[in-house]
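Asker: Here is my input, please return the structure:
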Amino acid sequence: MNTEALEQTHEELVLSFLVESGEDYASGEVLSGKLGLSRTAVWKVVESLRGKGYRIDAVPARGYRLVSVPDRLSPLELAPLLSTHDLGRTLHYVETLPSTNELAFRLAAEGAGHGEVVLCEQQTAGKGRRGRQWVSPKGKNLALSVILRPELPPQEAPELTLVAAVALAETLREAGGDATIKWPNDVQLGGRKVAGILTELSAEPDRVSFVVLGIGVNLNTRAADLPQELAETATSLAEARGQDVPRALFTAALLTRLESWLDRHAEQGFGPVREAWKRLSSTLGQDVLVRTDRAELRGRAVDIDVSGALLVRREDGTLERVLAGDVEQLRPRKDPLAR
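Answerer: Here you go, the predicted structure:
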């Protein structure tokens with residue numbers, strides 16, 4: 001291991017101990033013993049962290065205490081917060097990228113493993129569904145892509161998009177936003193889009209080689225940060241809850257929740273995911289207008305089937321199965337969990 005990598009490892013370990021200590025002080029002697037470093041070397045690591053924006057208190061005879069961390073998403077901030085077994089254990093962090101999905105897809109094609117994550121502070125050409133652009137100002141939101149290597153036939157790969165939607169909506173709710181899901185994978189707060197998911201895959205006829213799961217979340221964006229055409233249809237978690245969001249904490253919570261749902265999907269199939277998605281849905285029970293590449297469809301969204309397709313009942317009673325399209329909800333509906 002070269003000197004730079006060794007120093008980063010020491011910094012990550014010190015941060016992990018300080019995070020575990022919470023409001024308590026971690027003694028320099030304990031840190032020294034766990035790291036196998038001298039007390040002077042521990043002090044140098046702490047000074048290096050302070051130089052990178054970490055506020056760390058030091059009190060003689062008591063030790064060190066982490067007061068605050070910079071609002072970044074680099075491995076230094078994120079790694080100490082992770083409790084996952086696979087997701088995010090390898091992090092590819094680039095401050096500015098055209099698209100996290102593009103880099104993740106290339107890394108996966110070159111052999112990157114299951115659970116590797118690409119994330120950045122700013123996307124300049126982020127991709128949304130159906131070729132749209134995903135706007136992500138620098139240092140305010142979350143843009144990441146997860147490489148997955150599931151044991152799935154290609155026809156079941158779209159289920160992973162709904163897995164991610166459930167995990168994302170639940171994480172937003174835990175963080176203080178009353179999130180709902182508009183079919184298939186737009187996550188909303190108060191009827192305005194707060195997050196989106198883009199799934200891309202490489203597959204053979206009988207098996208999935210890899211899946212790239214791209215997730216974009218508006219965390220600390222304000223209305224002034226958005227293009228005028230998005231200001232009325234998009235929002236952020238910070239606007240919804242009235243305070244800024246610690247991005248690294250949210251990212252760690254999302255990866256933990258996503259991994260839990262991926263594990264459950266692998267063990268139990270799509271059934272539990274489908275039921276959770278239905279509980280969180282803002283689409284079911286609504287009159288909708290669905291625009292596909294070929295036609296428009298009006299009716300009542302009544303269910304999703306066992307593969308995640310939307311079932312729409314026309315006025316004449318016929319049931320249509322929609323695999324892909326844009327859904328416009330024609331009538332407002334209350335929070336599906338507020339019963």
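
Asker: pLDDT of the longest strand along the chain, averaged?
Answerer: Counting residues, the longest strand found in the chain (DSSP state E) is strand 192-204. Strand 192-204 comes out with an average pLDDT of 93.

Asker: Pull out the buried residues from it.
Answerer: R192, K193, V194, A195, G196, I197, L198, T199, E200, L201 (16 or more other C-beta atoms under 10 Å). Where you see a C-beta, it was placed from the backbone N, CA and C, and this is true even at glycine.

Asker: Over to stretch 51-61?
Answerer: Buried, per 16+ other C-beta under 10 Å, within stretch 51-61: Y54, I56.

Asker: swap in stretch 176-187?
Answerer: Applying 16+ other C-beta under 10 Å to stretch 176-187 flags G177, D178, A179, T180, I181, K182, W183, P184, N185, D186, V187 as buried.

Asker: between these, which is closest to H114?
Answerer: Sorting those by distance to H114 puts N185 at the head of the list, at 21.1 Å, by C-beta to C-beta.

Asker: before we move on, back to that, could you say what helices and strands the longest strand of the chain packs with?
Answerer: When contacts are defined as 3 or more C-beta pairs under 8 Å, 6 or more residues apart in numbering; DSSP states H and E, strand 192-204 packs onto helix 100-109, helix 159-174, strand 179-182, strand 186-189, strand 207-217.

Asker: Please name whichever of the ones you listed is nearest to A276.
Answerer: helix 159-174 (4.7 Å).

Asker: and that closest one, what's its mean pLDDT?
Answerer: What helix 159-174 shows for mean pLDDT is 96.

Asker: quick check: angle from that helix to strand 207-217?
Answerer: 30 degrees (axes from the mean of the first three to the mean of the last three C-alpha atoms, to 10 degrees).

Asker: For helix 159-174, give me every contacting residue.
Answerer: Under the criterion C-beta atoms under 8 Å, 6 or more residues apart in numbering, residues 148, 150, 152, 179-181, 184-185, 187, 189, 194-195, 197, 199, 211, 213, 215, 217, 237, 250, 253-254, 257-258, 260-262, 265, 270, 273-274, 276-277, 280, 304, 307-308 lie in contact with helix 159-174.

Asker: Same check on stretch 266-275?
Answerer: Contacts for stretch 266-275 (C-beta under 8 Å, 6+ apart): 150-151, 156, 159, 162-163, 166, 261, 264-265, 304, 306-308.

Asker: buried residues in it?
Answerer: Buried residues in stretch 266-275 (16+ other C-beta under 10 Å): F270, V273, R274.

Asker: Check stretch 319-331 too.
Answerer: Neighbour counts over stretch 319-331 (16+ other C-beta under 10 Å) mark V322, G325, V327, Q329 as buried.

Asker: still on that earlier bit, would you turn the helices and strands packed on strand 192-204 into CSV with distance to V312?
Answerer: Shown next, in CSV, are these (distance: least, C-beta to C-beta, whole Å):
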stretch, distance to V312
helix 100-109, 29
helix 159-174, 17
strand 179-182, 14
strand 186-189, 17
strand 207-217, 26
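
Asker: Out of the ones you listed, the one nearest A26 is which?
Answerer: Closest to A26 of the helices and strands packed on strand 192-204 is helix 159-174 (C-beta to C-beta; 27.5 Å).

Asker: just to revisit the earlier point, and the buried residues of stretch 266-275, which is closest to L91?
Answerer: Nearest to L91 among these is V273, at 26.0 Å by C-beta to C-beta.

Asker: continuing past the helix or strand hosting the closest one, what's the next helix or strand?
Answerer: Element membership for V273 (DSSP states H and E) is helix 271-280. Going down the chain from helix 271-280, the next helix or strand is strand 287-291, by DSSP H and E.

Asker: Return, as residue ranges, the portions of the protein with sub-threshold pLDDT.
Answerer: 1-5, 126-136, 226-231, 331-339 (pLDDT under 70).

Asker: Could you break it into its assigned domains?
Answerer: Following automatic domain parsing, one gets these domains for the chain: 3-68, 75-280, 287-329.

Asker: Pick the most buried one from those domains.
Answerer: Highest mean neighbour count among the domains of the chain (mean count of other C-beta atoms under 10 Å): domain 75-280, with a mean of 19.

Asker: contacts for stretch 102-117?
Answerer: In contact with stretch 102-117 (C-beta under 8 Å, 6+ apart) are residues 84, 86-92, 94, 97, 118, 127, 144-149, 200, 202, 210, 212, 214, 255, 259.

Asker: residue boundaries of the strands in the stretch 1-150 of the chain?
Answerer: 55-59, 63-68, 91-97, 117-127, 133-136, 142-148 (DSSP state E, counting those that start in this stretch).

Asker: how far does the first one sit from the chain's center?
Answerer: On the basis of C-alpha atoms, centre = their mean, to the nearest Å, the separation between the geometric centre of strand 55-59 and that of its chain is 31 Å.

Asker: Skipping adjacent residues, who's closest to V67 in space?
Answerer: Of all residues not flanking V67 in the chain, R55 sits nearest, at 3.9 Å (C-beta to C-beta, 6 or more residues apart in numbering).

Asker: right, I mislabeled it, should have said L297
Answerer: Nearest residue to L297, sequence neighbours excluded (C-beta to C-beta, 6+ apart): V290, at 4.4 Å.

Asker: you'd agree that neighbour is up against E296?
Answerer: Yes: using C-beta atoms under 8 Å, V290 is in contact with E296, at 6.9 Å.
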